[in-house]
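Q: Sharing a model that was predicted from the sequence below.
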Amino acid sequence: MYGRIRTLLLPLLLLATTLTAAAQNVKWSSSTEHLEGDQYRIVLEATIPAGYHMYDMGPYEGGPNATSITFTPGEGVALDGGIEQLSTPHRYFDQMFQMEIGTFSGKAQFAQRVTLKAAQATLKAQVEWMICDDTSCMPPEDTELTITLPESSAATASIETVPTTPTSEVVAPAAKDAAGSKGLWALIIEAILWGFAALLTPCVFPMVPMTVSYFLKGEGGAAMGRLRASLYGLFIVLLYTVPIAAIILITRIVGGDAVTADIFNWLATHWLPNVIFFLVFMVFAASFFGAFEITMPSWMVNKTDSKADTKGLGGIFFLALTLVLVSFSCTGPIVGSVLIKSTSGEFWTPIITMLAFSVAFALPFTLFALFPSVLKKLPKSGGWLNSVKVVIGFIEVALGMKFLSVADQTYHWGLLDREIYLAVWIVVFSLLGLYLLGKIRFAHDDEVRHLGVGRLALAIVVFSFVVYMIPGMWGAPLKGLSGYLPPITSQDFVLGANTASAAPSDSIAGKPKYSDFLHLPHGLEGFFDLEEAEVYAAKVGKPLFIDFTGHGCVNCREMEARVWSDPEVLEILRNDYVICALYSDDKKELPEEDWVTTDAGKVLKSLGKINSYYALKTYGVNAQPYYVLQGADGQPLVEPRGYDLSVEGFVAFLRSGLEAYRNGK
């Protein structure tokens, strides 16, 4: 019954898929430019649908599907040099793929120079690409364009791609985290927390009651004082935000959006700025530890302070400027931290994060002026303010390691593998815990004679964090820190990595087909060819776990990291199923006897296209990840499952398949 229903519904699913994707096609066009003599330039232009991006030409070994263009010249024409990317891609470091990648949006142009040796000639361009949005990807597509030289008339050859089904995956998480709404909000929240932390430093905290009292005692009474205090807070916000905004906007006006984006992309991915940022963080930390103070020139502070007594808006402005300059030794490192953390985003990100920081920093000055009675409840200045600076210093050391890690991973230096990174963090936070307990003192610290409840609570949190990190030295996933740590593949020793395999040594194929370049996670072993897996599953009497996956599928990697890694899931997969991973985007071209001809007569030659066609034809989907539990009759044992991070749900899915298999379904 299930098979009949699926057979009846499949044409409807395919029709719905076609209609849905019809508006999401890439259009390719070609044009020719006469340079001089017999020299021409062929320009291919891709028009990318709104909301989608296309990867550049890479190459990306083990990463996303790069755009590939191959020109085949006919008689009378010769290629001159290689293919040139005329459009500038948006480049960023992708945390999931652990490499720098580039993408195009809107339009992308590529050029090839040729020499015409006859009156007229033709050549063909074979193009392969993949487009994605923030929530889905199209499977890789290809098309062929025929170009005639010289081009007759101004017409261009326009090719529209065959519609395909979007895959259920999230692509480019580093870009999304940097510039997307989720990542931007995370940066804003972090900037706000830094703004409040700056208030607790010894350079700023004592000035809060002094400044507010000054406004309340001024001319015009309390009401006018509150207005002036509010303006004072506004000027503080402007003094922190406007200079940054001006620099970025001037860069954008002079160089355009592409130049501004390239600057921030270079800052986020190149080894030089990342190493500089790391060193800056270490300098900031040393300053907070009391090694030296980062201060503004005294002549600047004195000149500004002398104008603060001026009446009117000018006096309020210079008073705010004096605060900014005087407190620079404490706020400078924090402001630098906020800006550096936001440079991996678009040009608006540093402006917004600095606005968030300055609003949090200036807000108490206005609130205390509106509610002066609250001032009496503030704690008195003392040694605890210096302790706040030192705690921030430890945090600066920990956060600074991330920039060195990015440079190390991008350029494969091998200096900061996962266990080394973790060792540094464990030591840093252990020292922080000892400092909170009063076991470590710096030059400007008071002696801790009695341990307060606040210090004790913070010490408990810090040491708990240290205990959480320690298992990571032996390969524990530490999912809560996955955004900060280097990938676990960089770790030399992972406890339990050499576990029993799903396919024993007496496999019918000896070594499973394609296992020389395809692998399963977590030490699991299985098959990458469905026919071979079905034969072996029948031999050992186990159900088949089919994993429709892809190299460029981020959600697949997330499922493997957060769901497959669960001990119960691993145990079931290892002992009760025969695993078969079918990659839908692998470009390995198979021998001619393994080629597949579609119902439309198209010959599929690559492993990925064959697997993708099988998924669409058999299950009406091309989604990744997509998990099928198959019985001995080749039919699904239970309803297939897609992307879902519920470990309990995945375990129930696997156990339901086992029960159905044992019941003879």
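A: Perfect, thanks for sending it. Numbers count the residues shown, from 1 in each chain.

Q: Any idea how far apart the tips of stretch 588-603 sit?
A: Distance between the boundary residues of stretch 588-603 (C-alpha to C-alpha, to the nearest Å) amounts to 15 Å.

Q: Parallel or antiparallel, list what pairs with the one helix or strand Val127 maps to.
A: Per DSSP states H and E: Val127 is located in strand 121-129. Strand pairing for strand 121-129, determined by DSSP bridges: strand 68-73 (antiparallel), strand 141-149 (antiparallel).

Q: Now that strand - C-alpha only, PDB.
A: The C-alpha coordinates for strand 121-129 follow below in PDB (Å, rounded to 0.1, in the frame of the first residue of the first chain):
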ATOM      1  CA  ALA A 121      34.900  29.900 -35.600                       C
ATOM      2  CA  THR A 122      32.900  28.500 -32.700                       C
ATOM      3  CA  LEU A 123      33.800  27.200 -29.300                       C
ATOM      4  CA  LYS A 124      31.800  25.700 -26.500                       C
ATOM      5  CA  ALA A 125      31.800  26.600 -22.800                       C
ATOM      6  CA  GLN A 126      30.900  23.900 -20.300                       C
ATOM      7  CA  VAL A 127      29.700  25.500 -17.000                       C
ATOM      8  CA  GLU A 128      29.000  23.900 -13.700                       C
ATOM      9  CA  TRP A 129      27.900  25.800 -10.600                       C
END
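
Q: Now the element after that strand, going C-ward?
A: Heading C-terminal from strand 121-129, the first helix or strand you meet, by DSSP H and E, is strand 131-132.

Q: What is that next one packed up against?
A: If you count contacts as 3 or more C-beta pairs under 8 Å, 6 or more residues apart in numbering; DSSP states H and E, strand 131-132 packs onto strand 53-55. For every residue, glycine as well, the C-beta is placed using N, CA and C.

Q: Quick one: the strands in the stretch 501-650 of the chain, in order.
A: Taking DSSP state E, counting those that start in this stretch as the test, the strands found in the stretch 501-650 of the chain are 544-549, 578-583, 596-597, 603-604, 626-630.

Q: Which one of the strands paired with strand 121-129 lies nearest to Ile250?
A: strand 68-73 (36.9 Å; C-beta to C-beta).

Q: Just say helix, strand or coil for the residue nearest to Val237 when sequence neighbours are not counted.
A: Excluding the flanking residues, the one nearest Val237 by C-beta to C-beta, 6 or more residues apart in numbering is Ser358, at 4.3 Å. Secondary structure assignment for Ser358 (DSSP: H, G, I helix; E, B strand; the rest coil): helix.

Q: thinking again about what came up before, weakest of the strands paired with strand 121-129 in terms of mean pLDDT?
A: Ranked by mean pLDDT, the strands paired with strand 121-129 bottom out at strand 141-149, which scores a mean of 84.

Q: circling back to that earlier point, between the strands paired with strand 121-129, which one is nearest to Asn611?
A: Using C-beta to C-beta, these put strand 141-149 closest to Asn611, at 15.2 Å.

Q: Does Arg236 touch Phe361 like I think?
A: Let me fix one detail, which is that residue 236 is Ile and not Arg. Yes. The pair Ile236 / Phe361 is scored as a contact, 6.6 Å apart, by C-beta atoms under 8 Å.

Q: between these two, which one's more packed in?
A: Legend: neighbour count by other C-beta atoms under 10 Å for Ile236 and Phe361, higher for Phe361 (28 against 24).

Q: Just the C-alphas of the helix or strand hosting that one, formatted as CSV.
A: Taking DSSP H and E as the definition, Phe361 sits inside helix 348-370. Only the C-alpha atoms of helix 348-370 are listed here, as CSV (Å, rounded to 0.1, in the frame of the first residue of the first chain):
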residue,chain,number,x,y,z
TRP,A,348,27.6,48.4,9.0
THR,A,349,28.6,45.9,11.7
PRO,A,350,31.3,47.9,13.4
ILE,A,351,29.1,51.0,13.5
ILE,A,352,26.2,49.2,15.0
THR,A,353,28.3,47.3,17.6
MET,A,354,30.1,50.6,18.6
LEU,A,355,26.7,52.2,19.0
ALA,A,356,25.5,49.4,21.2
PHE,A,357,28.7,49.7,23.3
SER,A,358,28.4,53.5,23.7
VAL,A,359,24.7,53.4,24.6
ALA,A,360,25.4,50.9,27.4
PHE,A,361,28.4,52.9,28.5
ALA,A,362,26.5,56.3,28.6
LEU,A,363,23.1,55.0,29.8
PRO,A,364,24.0,55.1,33.6
PHE,A,365,25.0,58.8,33.4
THR,A,366,21.5,59.7,32.2
LEU,A,367,19.6,57.2,34.4
PHE,A,368,21.4,58.4,37.6
ALA,A,369,20.6,62.0,36.7
LEU,A,370,16.9,61.1,36.3
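
Q: mind listing what's buried in that helix?
A: 348-369 (16 or more other C-beta atoms under 10 Å).

Q: So which elements touch it?
A: If you count contacts as 3+ C-beta pairs under 8 Å, 6+ apart, helix 348-370 packs onto helix 181-199, helix 207-216, helix 221-269, helix 328-342.

Q: try 10 Å this time
A: Using 3 or more C-beta pairs under 10 Å, 6 or more residues apart in numbering; DSSP states H and E, the elements in contact with helix 348-370 are helix 173-179, helix 181-199, helix 207-216, helix 221-269, helix 313-326, helix 328-342.

Q: Now do the helix or strand following it against helix 181-199, angle only.
A: The helix or strand immediately downstream of helix 348-370 is helix 383-411, counting by DSSP H and E. Note on geometry: by axes from the mean of the first three to the mean of the last three C-alpha atoms, to 10 degrees, helix 383-411 and helix 181-199 are set 150 degrees apart in direction.

Q: Report the mean per-residue pLDDT for helix 383-411.
A: Rounded mean pLDDT across helix 383-411 is 77.

Q: Which other helices and strands does the following helix or strand past that helix contact?
A: Note on helix 383-411: by DSSP H and E, the next helix or strand toward the C-terminus is helix 418-436. Applying 3+ C-beta pairs under 10 Å, 6+ apart, one finds that helix 418-436 contacts helix 383-411, helix 453-469.

Q: is it true that the residue nearest to Val237 touches Leu239?
A: Yes. Counting by C-beta atoms under 10 Å, Leu239 is a contact partner of Ser358 at 7.7 Å.

Q: that older thread, among the helices and strands packed on helix 418-436, which is the most enclosed?
A: The highest mean neighbour count among these, using mean count of other C-beta atoms under 10 Å, belongs to helix 383-411: a mean of 20.

Q: now the angle from it to helix 453-469?
A: Using the same axes, to 10 degrees: helix 383-411 against helix 453-469 is 20 degrees.

Q: between the strands paired with strand 121-129, which one is nearest to Gly51?
A: Closest approach to Gly51 among the strands paired with strand 121-129 (C-beta to C-beta): strand 141-149, 17.1 Å.

Q: Pick out the shakiest of the helices and strands packed on helix 348-370, pLDDT-wise.
A: When the helices and strands packed on helix 348-370 are ranked by mean pLDDT, helix 173-179 comes last with a mean of 34.

Q: Now for Ala600, how many residues are close by?
A: Ala600, neighbours per other C-beta under 10 Å, totals 6.

Q: Need phi/psi at it.
A: Dihedral pair for Ala600: phi -90, psi 0, per degrees, to the nearest 10.

Q: hang on, the earlier thing: between the strands paired with strand 121-129, which one is nearest to Ile420?
A: With C-beta to C-beta, the closest approach to Ile420 among the strands paired with strand 121-129 belongs to strand 68-73: 37.1 Å.
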